[in-house]
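> Build the 3D model from these lines:
(one chain, ligands or ions: 1)
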Amino acid sequence: MPFDLETTDRLLSTTRAVRKRLDLEREVPAELIHDCIALSQQAPTGSNQQGWRWLVVTDADKKQALADWYRQAAGDYLAAGEAQARAAGHAQTGRVLESAKYLAERLQDVPVHVIPCIKGKLPSHAPASMQAGFYGSIFPAIWSFQLALRARGLGSVITSFHLAFADEAAKLLGIPEDVTQAALLPVAWTVGDEFKPAQRRPPQHITYWNRWKQPADAS
Ligand SMILES: Cc1cc2nc3c(=O)[nH]c(=O)nc-3n(C[C@H](O)[C@H](O)[C@H](O)COP(=O)(O)O)c2cc1C
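Here you go, the predicted model:
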């Protein structure tokens, strides 16, 4: 085996969306962020363009502005979504939304906001292949960054709400017009380092061999 599978699989299966267990008090060294970005730079990009750019925000006023926009965009969605999920009996989704609400209220207090960006802008009505190539050239790096954080005792969560105010955020942070923000990752040390794999459907229920079938036939 080229890798220790127990450790590798534990990292892959326990890198969760961390919100309630972000340590809001402990400082995150800049070096750690650079180390994780360095690892993320090994991720694939379309045509090997390597257009990733990372904006790291630690300034209190700037984090406050980002958090205010985040809440403005998230407010109604989170309130309605949680009630709907609980009413429909989707306990896992209900828990996620409750935790998302918790984060929304404290986002400004998370020590580091990391905004992964990608050079370029997607034209409206871009064909599917262009959309795949564009966002597919930043999200693998985002996930590598999150895995690297987790391996070092830090946590994060991909968030997208502030993107409703991407233009305002770009102005605040001096992000050029030809650069696209892909997400906002609140980053902190985690409180404890034990995380469990989430419950997911068996892979046979979501995997089709040679021909698409109804889930019932695929078991
Ligand atoms: C593209 C994308 C956008 C997301 N946006 C948000 C967000 O705005 N706020 C949030 O709290 N979580 C957000 N999430 C996190 C998801 O809720 C989370 O990945 C999912 O619930 C699984 O959580 P788990 O990994 O802990 O099982 C986003 C995830 C993805 C992949």
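
> Could you use CA atoms for every contact and neighbour count after this?
Fine.

> Could you pick out the residues of this structure near the ligand for me?
The chain comes close to the ligand at residues R16, A17, V96, A100, V157, I158, T159, S160, F161, A198, as judged by C-alpha under 6 Å from any ligand atom.

> pLDDT at the last one, what is it?
So that's A198. A198 is assigned 95 on the pLDDT scale.

> for the fourth one, same thing?
Confidence per residue is given as pLDDT, and for A100 that number is 94.

> Can you say which helix or strand has it in it?
Assigned by DSSP states H and E, A100 belongs to helix 91-106.

> Give me the mean pLDDT for the next helix or strand after that helix.
Using DSSP H and E, the helix or strand that follows helix 91-106 in sequence is strand 112-119. In this model, strand 112-119 has a mean pLDDT of 98.

> Show me what strand 112-119 pairs with in its sheet, parallel or antiparallel.
strand 52-57 (antiparallel), strand 179-181 (antiparallel), strand 185-189 (antiparallel) (DSSP bridges).

> winner for burial among those?
Compared across these, strand 185-189 shows the largest average neighbour count, a mean of 25 (mean count of other C-alpha atoms under 10 Å).

> Give me the angle between that strand and helix 91-106.
Put simply, strand 185-189 runs at 90 degrees to helix 91-106, going by axes from the mean of the first three to the mean of the last three C-alpha atoms, to 10 degrees.

> quick one: contacts of strand 185-189?
22-24, 26-28, 107, 110-116, 153-159 (C-alpha atoms under 8 Å, 6 or more residues apart in numbering).

> Tell me where the model's unsure across the protein.
Within the chain, the stretches with pLDDT under 70 are 82, 215-219.

> most centrally placed residue in it?
I158 (1.5 Å; C-alpha atoms, centre = their mean).

> Would you mind listing the buried residues in the top helix by length along the chain?
When the chain is parsed with DSSP state H, its longest helix is helix 60-87. By neighbour count on 16 or more other C-alpha atoms under 10 Å, the buried set for helix 60-87 is 62-63, 65-74, 78, 82, 85.

> Report the distance from that helix to the chain centre.
Helix 60-87 sits 15 Å away from the centroid of its parent chain (C-alpha atoms, centre = their mean, to the nearest Å).

> do stretch 162-182 as well
17 Å.

> going forward, begin numbering at 489 instead of 1
In the new count, where the first residue is 489, that last one comes out as stretch 650-670.

> what about it, start to end distance?
End-to-end distance for stretch 650-670, by C-alpha to C-alpha, to the nearest Å: 10 Å.

> List the buried residues of it.
In stretch 650-670, counting by 16+ other C-alpha under 10 Å, buried: H650, L651, A654, E656, A657, A658, I663, V667, T668, Q669, A670.

> again, but for stretch 526-545
Buried residues in stretch 526-545, defined by neighbour count with 16+ other C-alpha under 10 Å: S528, Q529, A531, P532, T533, Q538, G539, W540, R541, V544, V545.

> Just send those residues back as CSV, with distance to G680 too.
Converted to CSV, the buried residues of stretch 526-545 look like this (distance: C-alpha to C-alpha, whole Å):
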residue, distance to G680
S528, 24
Q529, 28
A531, 28
P532, 31
T533, 33
Q538, 34
G539, 34
W540, 31
R541, 30
V544, 24
V545, 24
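
> which residues does D511 contact?
So D511 contacts V598, A676, W677, T678, V679 (C-alpha under 8 Å, 6+ apart).
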